[in-house]
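Student: Sequence first, predicted coordinates after that:
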Amino acid sequence: MFKDLVAENRSYRRFYGEKPVSKETLMDLTDMARIVPSGMNRQAMRYRLSFTKEENALVYSTLGWAGYYKDWDGPVEEERPTAYIVCLHDLSLGKPIALDAGIAVQTIALAAVEKELGCCILLNCRHEELFCLLHIDKERYAFCGVIAIGYPLEKVQLEDMKNGDFHYYRTTDGVQHVPKRTLDELIIE
């Protein structure tokens, strides 16, 4: 059921580091984003795939992880994602349309869940450094985000938000709890 797929699409922050994600899998995920709607049908989204240990280390070095976890700098080496998709907008096709990036990134994340993968969509990135490390032309492309991808190591549990507190948290058993507003809170009469 589609709702189950959406519910499983969480921000995973720890992965099985010994389980690689292949280039072919990343190509399949990106192909899903290729066919989604696009503003004015410009199809300006571009993707830089990373799946080798060497490149993954470069991408990881530019990322900030889980701002609400004050005493955590991100996953230890053996729990890091085994692939990344750097999402870009081709500036030769006009100004970025934020909705295009959102549609594409969410499509990739949902397609990943279908393949029993997990993702973490990251905007906290020193993208100028990332562009330099991966030889991405900063005059041609605008940064839209990084999707960290791997086989999820952690369990994520959704729960109703209490007292307006939207901060996610991890309990001692390693479960990440993610508060969500109720449907009644979202509907305006």
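Tutor: Looks like it came in fine. Please read these numbers as outputs of a predicted model, since none were measured by experiment. Numbering: from 1, shown residues only.
Student: Now do the lengthiest helix in the chain: distance to the chain's middle.
Tutor: For the chain, the helix with the greatest residue count under DSSP state H is helix 98-114. Averaging C-alpha positions (Cα atoms, centre = their mean, to the nearest Å) puts helix 98-114 9 Å from its chain's average.
Student: so after it, what's the next helix or strand?
Tutor: strand 118-122 (DSSP states H and E).
Student: and that following strand with helix 98-114, angle?
Tutor: Angle, strand 118-122 to helix 98-114, by axes from the mean of the first three to the mean of the last three Cα atoms, to 10 degrees: 160 degrees.
Student: Need the residues that contact strand 118-122.
Tutor: Strand 118-122 is touched from outside by 9-13, 15, 63-65, 81, 105, 108-109, 112-113, 145-152, with contacts defined as Cβ atoms under 8 Å, 6 or more residues apart in numbering. Quick note: C-beta positions are derived from backbone N, CA and C, even for glycine.
Student: Just the buried residues of the longest helix of the chain, please?
Tutor: Within helix 98-114, the residues that count as buried by 16 or more other Cβ atoms under 10 Å are 100-101, 103-113.
Student: how about CSV for those residues, with distance to residue 27 added?
Tutor: CSV is the format used below for these (distance: Cβ to Cβ, whole Å):
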residue, distance to residue 27
100, 20
101, 19
103, 19
104, 15
105, 16
106, 18
107, 14
108, 11
109, 16
110, 17
111, 11
112, 13
113, 17
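Student: What is the most widely separated pair among those?
Tutor: 100 and 113 (21.0 Å; Cβ to Cβ).
Student: Could you point out the helix or strand that follows the longest strand along the chain?
Tutor: Using DSSP state E to define each element, the chain has its longest strand at strand 141-150. Next in sequence after strand 141-150, counting helices and strands by DSSP H and E, comes strand 156-160.
Student: Strand partners (parallel or antiparallel) of that next one?
Tutor: strand 176-180 (parallel) (DSSP bridges).
Student: Can you give the contact residues for the strand it pairs with?
Tutor: Contacts for strand 176-180 (Cβ under 8 Å, 6+ apart): 10-11, 13, 154-162, 165-171.
Student: Look up how far residue 149 lies from the spatially most central residue of the chain.
Tutor: Centroid-nearest residue in the chain: residue 121, 2.1 Å away (criterion: Cα atoms, centre = their mean). According to Cβ to Cβ, to the nearest Å, residue 121 and residue 149 sit 10 Å apart.
Student: that's a helix at residue 40, yeah?
Tutor: Yes - applying DSSP: H, G, I helix; E, B strand; the rest coil, one finds residue 40 inside a helix.
Student: For burial, what's the neighbour tally of it?
Tutor: Neighbourhood size, residue 40 [other Cβ atoms under 10 Å]: 10.
Student: Show the contacting residues for it.
Tutor: Going by Cβ under 8 Å, 6+ apart, residue 40 touches residue 94.
Student: Now stretch 77-90: buried residues?
Tutor: Judged by neighbour count (16+ other Cβ under 10 Å), stretch 77-90 contains these buried residues: 79, 80, 81, 82, 83, 84, 85, 86, 87, 88, 89, 90.
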